[in-house]
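>>> missing the sequence, but the structure's below:
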């Protein structure tokens, strides 16, 4: 068809490469996705309570990580952190090793960029909780902390499901940069397959389809979650 | 000075201070040497050539590629966004499907794919064209950004009340004229912050064109590191982070300020 | 508005339909344009790298300039396009470059998709660079060990499948050396000339050594698109003429590569053949 | 005896469904030139849909609508609808002025851009119409700077500038504060007295009684009863109409 050659898809070697790579990509996305939500919650709480010292520092970190490319952040973490002291000495061999593996660095770069975005998403959710709700709870004797944990945060999390989904999909897509620091995700193996088969277009098309499929499944799943947790009469933050 | 501006300045100088702190922590007593290396390579990183009298790439290439992609994505995004609100269900559903496909594509893979999908030499109507890696990067970046822009336009169009459509139709205007004369003039100011945010995101994405073989800032950075030695890699990457931050931060901050202004005007008007 | 949208794919389809890689004889079209595009390395000492002024220089760069002048003449232009191992063949096939002069090793798989020019250098294939106190002494010991390398290198598959090494492959040498220095891998498995030159750098030679020598020497040649007989012949003549003029012998000295019998012998042979 | 003049608007057994919901279940109605007709009824009874069908904003499923010489159900494209829009103008509950244009521009736009009329002529027409509704001095203001009543008067002027044969009013006072209702109704009264054919959907029963030549009562997508206002308001026959009037009067 159109002169394309997809026979390599039948080769068990390439099949096993793609499966191994897919597993890594999914693991990367799940770990970074969960962490980014946790970062979002903690960061939003710090900003919400205007925690001294931590709050301005969080603001600066958000500004830094949101406005620089995750790829450069990744290179920085991967190549530089050991230079500024993040390394340990292997007790067996006596060799100096970086604290963070390539996998960890990729997760780190996804967490900084998309975590910063997650903080802003949860914050926007909190700010769209009606002030009457908060006033009502306060007048019933709830402390600020209780109001945050029992009212504002749960409401914010539910209202921001669509935005959070976009952020998770963005993590899945951005995780492809793992291949550039020799982390064996699906893009890495695809590149290897491309170099062996010389069938660049075909391999890239398959790779593209796989990512679109994962992202679409996640989007559809999130839409179901969003419907399930939706509070009648409450809008969504977009 | 307004509170917003104060906050923006704290963020701006705070980040620069953080980057500077990392720089000093990494180099300690050798900081001056690293600064000298950076100074020598600054023109290469900024404009891709050794002196400031010619331009060959570097950070300027990222700016150029981002602007060109933005133009392409805006033109295509308007058409596609219009199509997602079209009355004809077949046109509408096709457009929505296309937008979702484009949105869910990873930028890096799209860039790789464009590298191989687009031939390097095209002959169109008998004239031969060289398709430079930069042109491919523009096409590749335009794919996801077109989807984002079409969403921005769709949201903007939908932010105008239905009554505007109805009264314009009652006055005898047709769909195209209503969009052009009535809807877009009202929707555009609403879209500006989203357009700016999308542009900032696109600009951050230009870091990925390193895989296309363009002389962008990251490719130059890698070459500089290969030539000057690994010792100065931290300095070079910090410099690149700084460049991206200085360019993107004002855009992001301004877009948020405009958004707040529009929201306030909406509450009072 | 949706009407314009429908026109777009149509226009694109028309453009793509009318497009195609030009099929005229390559030598004629290169001469006609007056531009010869050569894919070179710019991060690979001593074959092609940036000097202090940021100009690309090196063993293969000298050869590229010579060949270019032979083919497009002194008025013509030689466009040097930086390539890496993982994209050079694709760039050639797609017509972005006319010739590869980028440490291209000759092998059968590649010969299926491109034509090799005359071989002009004999490179120590893969060698292993490791810290001075390494236990690694032979290729049989690399099984299960993490080795840093470059995507698209000829020996990657052999290292993985024959010797069972665990490879971490990067797109550029800068990243490869960084990762090694940071301790992400126990050794670097890469082309001999480059690693030897790296050891000559300050700070590297004291701590590291070539732990395992190559199991294979590999001839280096240029690469051209398949089936362009006349172009290939012109390039081959230019290479031999360069050899006869001692260009490569001098380049070896100039870029501190030592003096190899291979290059000297080829220069002799070229002169005998009347170039 | 003179040949009777045919009604200027004539609806025959008009049916319309939105998806599976049938909103109009066979509406027939006649309006003579120069007459004022009011449509009353509970909300959701399809009153506004009738108006939207008359000027082609909503296409109908079956039946026929004739306005003057236009057979509305045959006009399938926006382009074919333009001559109809020239003859039938509409004023909306929410005014729907274009917020990014001044009052004068709102009035001038459509006659110049859609009807391709001479700008100078339109301008003098617009100015005299604005003067008639006591807004001559607000031509350069933006809609956002006007009160609701003023905006609605501008909307009426905008509709009149198309020089229509029929005017449709869709609950034009429903969004107004009580003190502004009067100024808008006054404008409509003047129009009716000048002989403009008007069809109003309204909740202002007293106004309907005073101004209408005939009143239609709709409920559940059909016309339950229609009669001259005195008879309809004071001698209602159908129990549904009686219940409705008990509630609103």
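Alright, I've got the coordinates. Everything numeric here is computed off the predicted structure, so don't read it as measured data.

>>> Now do the domain split for chain B, please.
B:1-56+B:219-269, B:59-214 (automatic domain parsing).

>>> Now find how far off-centre the first one is within its chain.
What it means is domain B:1-56+B:219-269. From the chain centre to the centre of domain B:1-56+B:219-269 is a distance of 16 Å (Cα atoms, centre = their mean, to the nearest Å).

>>> Identify the residues contacting residue 25.
Assuming you mean chain A. For residue A:25, the contacting residues are A:172, A:175-176, A:178, A:185-187, A:214, by Cβ atoms under 8 Å, 6 or more residues apart in numbering or on different chains. (Each C-beta comes from the backbone N, C-alpha and C, glycine too.)

>>> meant chain C, my bad for not saying
C:228, C:230-231.

>>> which of the residues you listed are buried?
C:228, C:231 (16 or more other Cβ atoms under 10 Å in any protein chain shown).

>>> would you turn the contacts of residue C:25 into TSV with distance to chain D, secondary structure and pLDDT?
Shown next, in TSV, are the contacts of residue C:25 (distance: Cβ to the nearest Cβ, whole Å; DSSP: H, G, I helix; E, B strand; the rest coil; pLDDT from 0 to 100):
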residue	distance to chain D	secondary structure	pLDDT
C:228	58	coil	90
C:230	62	helix	93
C:231	60	helix	94
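
>>> out of the contacts of residue C:25, who's nearest chain B?
Nearest to chain B among the contacts of residue C:25: residue C:228, at 14.1 Å, using Cβ to the nearest Cβ.

>>> Give the buried residues for stretch A:35-52.
In stretch A:35-52, counting by 16+ other Cβ under 10 Å, buried: A:35-37, A:39-48.

>>> Tell me who's in contact with the residue lying closest to residue C:267 once chain neighbours are set aside.
Computed as Cβ to Cβ, 6 or more residues apart in numbering or on different chains, the closest residue to residue C:267 that is not its neighbour in sequence is residue C:243, at 4.8 Å. Counting by Cβ under 8 Å, 6+ apart, residue C:243 makes contact with C:120, C:263, C:266-267, C:269-270, C:275.

>>> Could you say which helix or strand holds residue C:243?
Assigned by DSSP states H and E, residue C:243 belongs to helix C:229-244.

>>> in that helix, what counts as buried?
Residues of helix C:229-244 classed as buried: C:231-232, C:234-236, C:238-240, C:242-244 (neighbour count, 16+ other Cβ under 10 Å).

>>> Closest one of those residues to chain D?
Using Cβ to the nearest Cβ, these come closest to chain D at residue C:231, 59.5 Å.

>>> For the nearest residue to residue A:122 once chain neighbours are set aside, give me its contacts.
Spatial nearest neighbour of residue A:122, excluding adjacent residues (Cβ to Cβ, 6+ apart): residue A:44 at 4.0 Å. With contact set as Cβ under 8 Å, 6+ apart, residue A:44 has these partners: A:119, A:122-123, A:126, A:153, A:156.

>>> so where does residue A:44 fall, helix or strand?
Using DSSP H and E, residue A:44 falls in helix A:12-48.

>>> can you give me the mean pLDDT across that helix?
What helix A:12-48 shows for mean pLDDT is 94.

>>> got the contact list for residue C:167?
C:146-149, C:156, C:159-160, C:189.

>>> one more time with 6 Å, if that's ok
Counting by Cβ atoms under 6 Å, 6 or more residues apart in numbering or on different chains, residue C:167 makes contact with C:147, C:149, C:156, C:160.

>>> again, but for residue D:243
Under the criterion of Cβ under 6 Å, 6+ apart, the contact list for residue D:243 is empty.

>>> Any figure for the gap between it and residue C:268?
117 Å (Cβ to Cβ, to the nearest Å).

>>> so what does the host helix or strand of residue A:195 touch, helix or strand wise?
Element membership for residue A:195, per DSSP H and E: helix A:186-197. Using 3 or more Cβ pairs under 6 Å, 6 or more residues apart in numbering or on different chains; DSSP states H and E, the elements in contact with helix A:186-197 are helix A:12-48, helix A:200-229.

>>> can you give me the offset of the helix or strand that comes right after the helix holding residue C:243 from its chain's centre?
The helix or strand immediately downstream of helix C:229-244 is helix C:247-254, counting by DSSP H and E. On the basis of Cα atoms, centre = their mean, helix C:247-254 sits 18 Å off its chain's mean C-alpha point.
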